[in-house]
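# Mind folding the following:
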Amino acid sequence: MSDERRYAEAPTCPRCGYALNGQIAAWTDQCPLDGTCAECGLEFAWGDLLTNRLHTPKWCIEFGRKRSIPLRLLGTLMMMCWPWKFWKDLKLEHAIRPARFLVFYLAAIMVLYVAMAGTVYVEHRFGELARSLQYVPAGLQPSISLADEVIYGLKILAMPWADTTSLDYTVNVVPFNYLSSPGEILTGMIKEFLFYVLAIGMLVHIGVMVASFCLLPASRRRARVQWRHIARIGMYQTAVPMAYMCLSCTAECADFVIFSLTPTYTEYYFIVDMIAYFLWVPFNAIWWSVAVGRYMRMPHGWAVGILLTILSTLLLPFCLVPILMIFDTPI
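Residues are numbered from 1 along each chain as shown. All right, here's what the predicted structure looks like:
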């Protein structure tokens with residue numbers, strides 16, 4: 001390869017984007033194995049920048065053939081439970097592929113849509129008497145055909161927000177003396193409110209975390225991290241709120257089915273909400289601390305991640321309340 005061609009095809013620093021032409025032009029008789037960016041101080045292996053055969057994570061949705069996307073989607077979601085392994089395998093040198101992120105989001109939205117539509121179906125299917133304060137169903141005996149039931153489910157799947165007519169069931173009920181006190185009504189409102197706050201609040205918190213890097217100009221200016229890398233961390237994290245919403249919808253379906261078939265009231269969905277409520281902030285701190293230290297290779301990764309989590313958590317109410325008002329969520 002001639003010096004002119006080698007100079008023209010010189011790579012850039014994976015963290016700050018600084019052109020490394022000058023260092024390559026200084027090579028005379030040999031190529032060093034490791035290099036250091038003169039702009040941001042990032043240490044890297046020249047082999048990772050000069051070859052197209054960089055080892056990519058086998059679980060990552062951004063890489064691999066199209067036919068492997070479903071397995072890689074599951075692998076990415078599972079690997080997110082171990083941020084240390086996630087950001088050790090995924091490196092700055094790996095090219096960002098926006099098209100795969102689009103597939104990632106479309107798949108997540110479809111799963112979430114089916115989960116929420118399924119919750120609406122179960123509410124219509126089992127929830128009428130379960131929501132009654134005077135009776136608890138002792139059993140459900142559908143008096144319609146399987147074809148009508150399938151058509152009814154497809155209608156809800158197509159338009160879960162519509163006021164779909166309930167199915168005709170022959171239901172055996174037993175008396176159930178239940179009187180809602182003001183405290184129980186308030187508790188129910190809090191439980192319903194918690195889902196909306198967590199679902200929207202998690203997504204808003206991720207956006208605030210990304211924007212919080214503007215509040216640390218010295219650290220970001222010293223490392224010169226490109227915004228696309230910060231956005232990459234946030235885009236992967238958005239899968240966590242979507243997974244939480246799917247689990248909460250599934251748990252709510254289980255509550256309706258159990259309560260409609262037996263006089264036993266369960267609150268699995270509330271358990272999921274409480275687990276998410278108490279684990280979200282610690283997970284957020286761990287996720288960003290590990291990403292800052294292992295992926296962006298910035299010094300004092302844990303200090304930066306924890307500080308960003310504290311700042312974003314303090315700013316979250318000011319960003320969340322206007323959004324909840326726009327969505328007409330009861331606050």
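# Give me the pLDDT for the closest residue to Val290 other than its chain neighbours.
Nearest non-adjacent residue to Val290, counting by CB to CB, 6 or more residues apart in numbering: Pro83, 4.2 Å away. Glycine gets a C-beta too; all of them are placed from N, C-alpha and C. Looking at Pro83, its pLDDT stands at 94.
# Now Pro83. Its backbone dihedrals?
Dihedral pair for Pro83: phi -60, psi -30, per degrees, to the nearest 10.
# Which parts of the stretch 101-250 of the chain are strands?
With strands called from DSSP state E, counting those that start in this stretch, the stretch 101-250 of the chain shows them at 135-142, 169-175.
# Run through the neighbouring helices and strands of the helix or strand harbouring Gly305.
Per DSSP states H and E: Gly305 is located in helix 301-326. Counting contacts by 3 or more CB pairs under 8 Å, 6 or more residues apart in numbering; DSSP states H and E, helix 301-326 is packed against helix 182-211, helix 268-290.
# pLDDT wise, what is the spatially most central residue of the chain at?
Computing the C-alpha centroid of the chain and ranking residues by CA atoms, centre = their mean puts Ala239 first, at 1.8 Å. Looking at Ala239, its pLDDT reads 89.
# I'd assumed Leu77 was in contact with it.
Yes: counting by CB atoms under 8 Å, Ala239 touches Leu77, with 6.0 Å between them.
# low pLDDT regions in the stretch 201-331 of the chain?
218, 221, 260-266, 327-331 (pLDDT under 70).
# if we go to 90?
Residue ranges of the stretch 201-331 of the chain with pLDDT under 90: 201, 211-227, 239, 242-277, 298-301, 304, 311, 315-331.
# sec struct for Trp59, please.
coil (DSSP: H, G, I helix; E, B strand; the rest coil).
# Enumerate every residue touching the nearest residue to it once chain neighbours are set aside.
If the residues on either side of it in the chain are set aside, Trp59 comes closest to Gly75, at 3.2 Å by CB to CB, 6+ apart. Gly75 sits next to Lys58, Trp59, Cys60, Ile61 when contact means CB atoms under 8 Å, 6 or more residues apart in numbering.
# Try it again at 10 Å.
Pro57, Lys58, Trp59, Cys60, Ile61, Gly64, Ser68 (CB atoms under 10 Å, 6 or more residues apart in numbering).
# Please tell me the pLDDT value assigned to it.
91.
# quick one, the lengthiest helix in the chain and helix 268-290 angle?
For the chain, the longest helix by residue count, based on DSSP state H, is helix 98-130. Between helix 98-130 and helix 268-290, the angle comes out at 160 degrees (axes from the mean of the first three to the mean of the last three CA atoms, to 10 degrees).
# list the helices and strands helix 98-130 packs on?
Counting contacts by 3 or more CB pairs under 10 Å, 6 or more residues apart in numbering; DSSP states H and E, helix 98-130 packs against helix 69-79, strand 135-142, helix 146-158, strand 169-175, helix 227-237, helix 239-261.
# at 6 Å instead, please
helix 146-158, helix 239-261 (3 or more CB pairs under 6 Å, 6 or more residues apart in numbering; DSSP states H and E).
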